[in-house]
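Novice: sequence and predicted structure are below.
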Amino acid sequence: MMNRNGMVTKIRTRIRTDLFKNNYDLVGKELGRGKFAVVKKCVEKTTGKEHAAKFLRKRRKGQDCRGDILNEISVLESAEANPYVVALHEVYETTTEIILVLECAAGGEIFNQCVADNDEAFTEKDVIRLARQILMGVACLHQNNIVHLDLKPQNILLTSAQPLGDIRIVDFGLSRRVDIVSEVREILGTPEYVAPEVLDYEPISTATDMWSIGVLIYMMLTGESPFLGEEKQETFLNVSQVNVDYSQDVFQGISDLAVNFIQSLLIKNPRKRATVEQCLNHPWLRLDSLHHAVEAPLDEQEASQSESEPESPVPSPE
Ligand SMILES: Cc1cnc(Nc2ccc(CC#N)cc2)nc1Nc1cc(C2CC2)[nH]n1
């Protein structure tokens, strides 16, 4: 069943009402905290396996938000077959909260690598591999007519940071089914990463996520947030005017194909933006396979080397 703004309230997962703490021990410090949720690492008593418990308050600002939480669960269920969307293990309910027991991605947020200094920063080859995984996860959502609406470096986790593992897309608290939702009632997401149509209260679509992916890849390659201003208003203006710095200062050592990939996404008109399928076919993502190609004769290698990118780590912000 779907309510007025495209949120599903029917789910397959059994909601347990026995005590979460009978089956799990909470360990270590908090993993994350939002306005209405806190995430803590926990260990399942019967298996010793680590999970992440997301405690979601059912009542927010005096409103019953149980339907929103069931929507998040339903989105996780629809992507359960995709390896790059975080897996849902169990669900518990108390009088005040719903607890999602989720797969634990031990490597944490890619945000930390985006802002890391040189030796821990991503190489372009790392970013190509991780970008492909992000796109395959988002493709699964878009094929189910679901938009994430909060794609940002804090919501892309790693199974392992050293050695660099695989990504997991998390936090479907703002997700919507696009076949129902065409208008945004309030500004969703984080200003630095949201598409112009969200700021202009215009219809959202799968293209709204593609803009955010453009911002994500820009940050993973350069360590800089393309639209971030001193104040929120400046950030909004930068997004609305698509003020992006593609200069050599920011992109030195990064391939032209990578820049072209980002430019195909940071486009104001949503209809002109690349779709997730078009991104998965972009030559930049095949650059990585070039490095494994049979060694070309030296003169061809030097020629191709000028287009493709050296192995140097991407620059961190000054
Ligand atoms: C090691 C770790 C470190 N930092 C975070 N941050 C974080 C980011 C976004 C959200 C927002 C959400 N959802 C919650 C925590 N999550 C971690 N592991 C998780 C976190 C999770 C599931 C998603 C909670 N599995 N493994």
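Specialist: Nice, I can see it. Numbers count the residues shown, from 1 in each chain.
Novice: which single residue of the stretch 201-318 of the chain ends up nearest the ligand?
Specialist: Closest contact between the stretch 201-318 of the chain and the ligand, by Cβ to the nearest ligand atom, is at residue 216 (14.0 Å). Every residue, glycine included, has its C-beta placed from N, CA and C.
Novice: let me know whether residue 219 touches residue 151 as I believe.
Specialist: No: taking contact to mean Cβ atoms under 8 Å, the distance of 11.3 Å between residue 219 and residue 151 leaves them out of contact.
Novice: about what we covered before: could you say what helices and strands the host helix or strand of the residue of the stretch 201-318 of the chain closest to the ligand packs with?
Specialist: Element membership of residue 216 [criterion: DSSP states H and E] is helix 206-222. Applying 3 or more Cβ pairs under 8 Å, 6 or more residues apart in numbering; DSSP states H and E, one finds that helix 206-222 contacts helix 111-114, helix 124-143, strand 146-147, helix 196-199, helix 248-251, helix 256-263, helix 276-280.
Novice: just want the angle from the second one to helix 206-222.
Specialist: Read it as helix 124-143. For helix 124-143 against helix 206-222, the angle between stretch directions is 170 degrees (axes from the mean of the first three to the mean of the last three Cα atoms, to 10 degrees).
Novice: could you pull up the mean pLDDT of helix 124-143?
Specialist: The pLDDT scores in helix 124-143 average 97.
Novice: for it, buried residues please.
Specialist: Using 16 or more other Cβ atoms under 10 Å as the test for burial, helix 124-143 gives 124, 126-142.
Novice: now the protein against the ligand: closest residue?
Specialist: Scanning the chain for proximity to the ligand using Cβ to the nearest ligand atom identifies residue 32 as nearest, at 2.7 Å.
Novice: list the contacts of the nearest residue to residue 142 once chain neighbours are set aside.
Specialist: The spatial neighbour of residue 142 that comes closest, neighbours along the chain excluded (Cβ to Cβ, 6 or more residues apart in numbering), is residue 206 at 4.5 Å. With contact taken as Cβ atoms under 8 Å, 6 or more residues apart in numbering, residue 206 is in contact with 142, 147, 178, 275-276.
Novice: then residue 234?
Specialist: Here residue 234 is in contact with no residue (Cβ under 8 Å, 6+ apart).
Novice: that's a helix at it, yeah?
Specialist: Yes: checked against DSSP: H, G, I helix; E, B strand; the rest coil, residue 234 lies within a helix.
Novice: how much space between it and residue 146?
Specialist: Shown here: residue 234 relative to residue 146, a distance of 32 Å by Cβ to Cβ, to the nearest Å.
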